[in-house]
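Student: For reference, the sequence and a predicted model appear below.
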Amino acid sequence: MDIRIFETSEELDQYAAEIFRKLINEKPNAVLGLATGSTPVGIYAKMVEDYNHKKVSFSGVTTYNLDEYVGLTPDNDQSYAYYMNKNLFSHVDIPAIQTHLPDGMAEDPQEECVRYEAMINACPADIQLLGLGHNGHIAFNEPDEHLSAGTHVVQLKEETLEANARFFASIDEVPKQAYTMGIGSILKANTILLVVRGSDKAHIVKEALTGPITTQVPASLLQTHPRVTVLLDREAGRMLG
Ligand code: F6R
């Protein structure tokens with residue numbers, strides 16, 4: 001594992017964007033596995049900046065996102081499709097047809113999982129970007145006795161619904177299920193780029209990277225992947241020896 005700790009978030013974003021830029025310039029038809037959440041926002045902003053400065057073109061790139069809520073349309077501002085358009089896709093030259101997320105409005109969720117997993121299998125990511133949850137989750141793979149290998153539907157926990165309720169008119173509108181790539185889908189990527197910020201995640205960073213490999217800390221399974229790069233800000237890395 002290549003672990004890098006940065007003094008500032010800005011330096012981290014710059015470094016991560018450079019990894020994507022170099023990959024795409026070497027391989028214009030690169031396949032990117034992407035994530036949502038607060039962690040990648042600055043990285044996507046730098047990627048857009050690189051595009052605006054003509055340092056990179058996304059015209060040949062294909063993307064697959066980790067997850068999406070069941071039942072949200074892409075124009076719902078809580079959907080991950082909306083997030084990706086807002087933070088990256090609408091600012092660069094990637095054709096919409098080359099961007100992929102699970103379809104939140106699919107009629108048959110089980111069929112949608114099979115369809116999405118088949119696409120990932122046919123076209124594994126050159127690099128998969130990941131954030132880390134406070135409990136060690138990656139994508140929507142939460143700590144459990146068993147983890148699923150492929151793309152599947154998860155039932156969101158009560159605490160997640162309550163936390164998300166602030167974004168909706170009422171708790172009844174909060175999606176109760178989400179699509180997520182499984183741990184196996186994620187580990188198929190050629191390279192994994194795990195990015196973590198903030199002292200509130202220092203403990204789980206240490207556990208995930210140096211603790212035992214256990215389904216109770218889904219990110220610990222990344223220790224089994226041969227090419228993982230971890231980018232941390234100083235706060236997130238403070239408990240690593
Ligand atoms: C997002 C995702 C999640 C987040 C994680 C960290 O697509 O799959 O696993 O990466 O919850 O979220 P933030 O970055 O908001 O701290």
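Tutor: Cool, got the structure.
Student: use CA for all of it now, contacts and neighbours both
Tutor: Will do.
Student: How much space separates the residue positioned nearest the centre of the chain from residue 212?
Tutor: Residue closest to the mean C-alpha point of the chain, counted by Cα atoms, centre = their mean, is residue 35 at 2.3 Å. Distance of residue 35 to residue 212, computed by Cα to Cα, to the nearest Å: 25 Å.
Student: Could you give the number of residues near residue 203?
Tutor: 17 (other Cα atoms under 10 Å).
Student: Tell me the pLDDT of it.
Tutor: For residue 203, the pLDDT comes out at 98.
Student: Phi and psi next, for it.
Tutor: phi -70, psi -50 (degrees, to the nearest 10).
Student: didn't the residue nearest to the centre of the chain look like it was pressed against residue 65?
Tutor: Yes - assessed by Cα atoms under 8 Å, residue 35 is found in contact with residue 65 at 5.8 Å.
Student: Make sure residue 23 is indeed in a helix.
Tutor: Yes - Residue 23: assigned to a helix according to DSSP: H, G, I helix; E, B strand; the rest coil.
Student: residues in contact with it?
Tutor: residue 30 (Cα atoms under 8 Å, 6 or more residues apart in numbering).
Student: interface residues of the protein facing the ligand?
Tutor: 35-39, 66-67, 130-133, 137-140 (Cα under 6 Å from any ligand atom).
Student: Show me which of those are buried.
Tutor: Listed as buried from the residues of the chain next to the ligand are 35-36, 39, 66-67, 130-133, 137-140; burial here means 16 or more other Cα atoms under 10 Å.
Student: Make a markdown table from these and add secondary structure to it.
Tutor: Output for these, formatted as a markdown table (three-state DSSP):
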| residue | secondary structure |
| --- | --- |
| 35 | coil |
| 36 | coil |
| 39 | coil |
| 66 | coil |
| 67 | strand |
| 130 | strand |
| 131 | coil |
| 132 | coil |
| 133 | coil |
| 137 | coil |
| 138 | strand |
| 139 | coil |
| 140 | coil |
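Student: nearest to residue 58, of these?
Tutor: Distance to residue 58, by Cα to Cα, is smallest for residue 35 among these, at 16.8 Å.
Student: Quick check: the closest one vs residue 107, distance?
Tutor: 24 Å.
Student: ditto for residue 27
Tutor: 36 Å.
Student: can I assume residue 116 sits in a helix?
Tutor: Yes - the assignment for residue 116 is a helix, going by three-state DSSP.
Student: Identify the residue spatially nearest to it, adjacent ones excluded.
Tutor: residue 102 (6.4 Å; Cα to Cα, 6 or more residues apart in numbering).
Student: Now do the same for the one you found: helix, strand or coil?
Tutor: Assignment for residue 102 (three-state DSSP): coil.
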